[in-house]
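1. requesting a structural model of the entry that follows:
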Amino acid sequence: MPRRVVSLTRPFQISRTEVTVGQFEAFAKATGRSMPACPGEPPSSASMPVQCVSFSDAWDYVAWLSRTTKRTYRLPSASEWEYAARAGSDTLDPAAANVGAKAPGPKAAGSQIGRAHV
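-> Predicted structure coming up:
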């Protein structure tokens, strides 16, 4: 895949971890929704990342989180997500760059303006 430079023009913050089953359960309970189910998969524990969430569910979760906490949250753009997933690496495969690495530090994902090579 050819590489291209993507410029991130404004700061952003992103969670260090995925939304957990427990966090999503709180949203589901508060909004009267059912939890998403992955076909053929057993339910995950509360500390595991939530899976099989639709884009609509993710959007609604972020809106609910913003209302509940009185802080503004949004889904990251594709470029922001990839920049954070790369954790400062310049490889073609962000997952391979993080194999065996420690969790990214504050400079890797939070309040960064930079360029991601994708």
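2. could you find the closest non-adjacent residue to the residue most central in space within the chain?
-> Against the mean C-alpha coordinate of the chain, by C-alpha atoms, centre = their mean, the closest residue is Glu18 at 5.4 Å. Distances taken as C-beta to C-beta, 6 or more residues apart in numbering put Pro49 closest to Glu18, at 3.7 Å, once the chain neighbours are dropped. Every residue, glycine included, has its C-beta placed from N, CA and C.
3. same question, Cys38
-> Closest to Cys38 by C-beta to C-beta, 6+ apart is Cys52, at 4.1 Å.
4. what's the separation between the closest residue to Val53 other than its chain neighbours and Ala87?
-> In space, Val53 comes closest to Pro36 once its chain neighbours are excluded; the distance is 5.2 Å by C-beta to C-beta, 6+ apart. Using C-beta to C-beta, to the nearest Å, one obtains 27 Å as the distance from Pro36 to Ala87.
5. compare those two (neighbour count), which wins?
-> More crowded of Pro36 and Ala87, by other C-beta atoms under 10 Å: Ala87, with 17 against 14.
6. which residues touch Ala30?
-> The contact partners of Ala30, taken as C-beta atoms under 8 Å, 6 or more residues apart in numbering, are Trp64, Thr68.
7. and it, what element?
-> If you go by DSSP states H and E, Ala30 is part of helix 21-31.
8. next SSE downstream of that helix?
-> Where DSSP H and E defines the elements, the next helix or strand beyond helix 21-31 is helix 55-69.
9. now that following helix: mean pLDDT?
-> Averaged across helix 55-69, pLDDT comes to 96.
10. begin at 589, not 1, for the rest of this chat.
-> That works, and once the first residue is 589, the last one we named lands at helix 643-657.
11. could you check the angle that helix makes with helix 609-619?
-> 80 degrees (axes from the mean of the first three to the mean of the last three C-alpha atoms, to 10 degrees).
12. what's downstream of helix 643-657, the next helix or strand?
-> helix 666-674.
13. which helices and strands does that following helix pack with?
-> Applying 3 or more C-beta pairs under 8 Å, 6 or more residues apart in numbering; DSSP states H and E, one finds that helix 666-674 contacts strand 593-595, helix 682-685, helix 694-697, strand 703-705.
14. nice, that's everything, thank you.
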